[in-house]
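>>> pasting the structure only:
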């Protein structure tokens, strides 16, 4: 399957990123019908010069704002607020919109020096990883030895391996002739796709067009705009006599002259009409003085004089200094440069090998930010109504605002509306779009009480008890879910797990064929998401219960886009071990396989055999699950709880959960130490579960 994106990445300014992007676009537009450009971070506003150039050169269909992620100011603010994950989430959102509309997306990393100085990590690489996009690395060999270039590539490769990102190709720009052949030899020895591209001076020189903005220039003589595309080889201050000027004058010099030096202007004019003398790139008239009318008439009347004459309101030396500092650019208006760039790239880059490498590159990465974005996006499409009974907790109110602003779900808050809104006002939280229900005054209380009485009268509940119980917000919220007034409930910020789960067990009950309510955690590692169950609810499940936990966990994984390969964990793999604990897992595996033959389930398995393909080949070589497990079922709560916390703390994983499973309708429990972000993600998960019931 062809990759759908490539991320161009450079660690230094002016390494030739736009040049490489133009060359790659020329390659990819032959293979993909609809192609888009995307720059995750732009300098400012909603327009970027590089994006505009590529769009117009290749007549891309997309709009400018579709090609932009965040501005540098937005990134700075999010980093200052300590909200780095939000950067990735916003960028992923824009990127995934492009993936739904286009066959291929070429991403361009930011080469901003300011961005590199602002942070001490490679943000571009983290963005590439969060987009699960293969990488093309770019470095400049200008003023570098072969050893320095080799060391840079080696460091890049080491960094990429650490981040679990494989490069598709390296481009080494600005290479000298002798260095080029040696780089190719070294690249072949290391089996690295690497293209050294010789230095092309014309691409590194400013044009007359590049002077207009920094010098605030005005055209005095301009017969065709193509004259502005001429490259400037060097600025020459013409403050000498004509005979000395002509001795020093070289092809494509930028001649800087005072307006009253008609002799120099006439010398440039004469040289232009002579086969023995060179032509200037342009003439810059310094200061405010006006050129003599008869000289202007001569220059404008001769169609053979195709040299732009421009006026700049600065003195001669100031102009010369500004020209020296002028940056060489490639924009849509630099048509001659673009033609040269595309030809130069094609001359030294093998298009077929890049396409082949891109097809072979496997970037099956799911980062925590990517997983959360997908959860939020899926929940937003469903528009489920989630009830939050703990409206007295400020974290709940803050989370509710985020949920509403991002359209993750419709929020129902329990309690007196005026009291909740007053509290929200104190916190600076906007809850105008929330729904409010006061269980103490609601007309639903009697209805719910009667329903609860009928469900629990055999357990000794009276009508009076039922009315009193319905004044408990958690019970009331659970009944709202059961009776269809809400699609799911999230609680536990101020209540224990038992206080959240017990009403659900009494009212909602478990799904048909499932006798036990259990839980999973989504373990978001650096490049993948795993499912751990049960780590929070069932202390010591028997084989039948363990099998049901495995099936529920596999179904939960599938509901969230994770293909389930279920590992039933033990201290033994296959038939190598004996003992009651191993036998429990073995029996549970057999039961689960019979109940759901459609799910790949293997057990007993040790953790290393479940995750490591090399260990799996030795211990259980013919298994579909070993070495590639995505769902891990622990034999008891002691093992599961300790393992998830060990992985969370030691590997820096983000643990999302516990997510309850096995109920007919979704209810989820929060930790009393939960963060606002935990509440938001749990609500999103609950909304998705509601759609799968």
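Sure thing, it's come through. None of the values given here were measured: they were computed from a predicted structure.
>>> neighbours of the residue lying closest to residue 241 once chain neighbours are set aside, just the number please.
Distances taken as C-beta to C-beta, 6 or more residues apart in numbering place residue 263 nearest to residue 241, at 7.6 Å, with adjacent residues excluded. C-beta here means a position set from N, CA and C on the backbone, and glycine is covered the same way. Residue 263: 13 surrounding residues under other C-beta atoms under 10 Å.
>>> Which SSE is immediately downstream of the lowest-mean-pLDDT helix or strand in the chain?
Within the chain, judged by mean pLDDT, DSSP states H and E, the helix or strand with the poorest mean is helix 177-189; its value is a mean of 52. Per DSSP states H and E, the first helix or strand lying C-terminal to helix 177-189 is strand 194-198.
>>> mean confidence score for that next one?
Averaging pLDDT along strand 194-198 yields 87.
>>> Neighbouring strands - and their directions - for that strand?
strand 167-175 (parallel) (DSSP bridges).
>>> OK, contacts around the nearest residue to residue 16 once chain neighbours are set aside?
Leaving aside its chain neighbours, residue 16 sits nearest to residue 173 (3.9 Å; criterion: C-beta to C-beta, 6+ apart). Listed by C-beta atoms under 8 Å, 6 or more residues apart in numbering, the contact set of residue 173 reads 15-16, 19-20, 138-142, 197, 199.
>>> got a winner among those for most neighbours?
residue 16 (28 neighbours).
>>> list the contacts for it?
10, 138, 140, 171, 173-174, 197.
>>> Relative to residue 386, which of those is nearest.
residue 10 (44.1 Å; C-beta to C-beta).
>>> Next, format the contacts of residue 173 as TSV and append secondary structure and distance to residue 400.
Below are these laid out as TSV (DSSP: H, G, I helix; E, B strand; the rest coil; distance: C-beta to C-beta, whole Å):
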residue	secondary structure	distance to residue 400
15	coil	46
16	coil	49
19	helix	49
20	helix	46
138	strand	45
139	strand	48
140	strand	50
141	coil	55
142	coil	54
197	strand	54
199	coil	58
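>>> and which of the residues you listed is nearest residue 359?
Among those, and counting by C-beta to C-beta, the member closest to residue 359 is residue 20, at 19.4 Å.
>>> So for that closest one, what's the pLDDT?
For residue 20, pLDDT reads 92.
>>> wait, isn't it in contact with residue 345?
Yes - the pair formed by residue 20 and residue 345 meets the contact definition of C-beta atoms under 8 Å, at 7.4 Å.
>>> what's the closest non-adjacent residue to residue 605?
residue 567 is the one closest to residue 605 (C-beta to C-beta, 6+ apart), at 4.6 Å.
>>> check contacts around that neighbour.
602-603, 605, 607, 610, 625-626, 629, 631-633.
>>> what two of the residues you listed have the greatest distance between them?
626 and 633 (14.1 Å).
>>> Number of residues surrounding residue 643?
Residue 643, neighbours per other C-beta under 10 Å, totals 18.
>>> Helices of the stretch 101-250 of the chain, start to end?
Along the stretch 101-250 of the chain, the segments classed as helices by DSSP state H, counting those that start in this stretch run 113-118, 123-130, 146-162, 177-189, 212-215, 242-248.
>>> ditto for the stretch 501-650 of the chain
543-559, 580-595, 607-611, 613-619, 637-650.
>>> deepest of the ones you listed, which one?
The highest average neighbour count among these, using mean count of other C-beta atoms under 10 Å, belongs to helix 543-559 at a mean of 23.
>>> For that helix, enumerate the helices and strands it packs against.
For helix 543-559, the packing partners by 3 or more C-beta pairs under 8 Å, 6 or more residues apart in numbering; DSSP states H and E come out as strand 518-524, strand 529-533, strand 566-569, helix 580-595, strand 631-633, strand 654-661, helix 676-692.
>>> Okay, now the sheet partners of the second one, with direction.
Each strand that strand 529-533 pairs with, and the sense of that pairing, follows from DSSP bridges: strand 518-524 (antiparallel), strand 631-633 (parallel).
>>> ok, back up a step: now the contacts of residue 567 in CSV, with pLDDT and distance to residue 155?
Formatted as CSV, the contacts of residue 567 follow (pLDDT from 0 to 100; distance: C-beta to C-beta, whole Å):
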residue, pLDDT, distance to residue 155
602, 92, 40
603, 84, 43
605, 92, 38
607, 92, 33
610, 92, 34
625, 92, 37
626, 90, 35
629, 93, 34
631, 96, 37
632, 96, 35
633, 95, 41
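>>> Cool, thanks, signing off.
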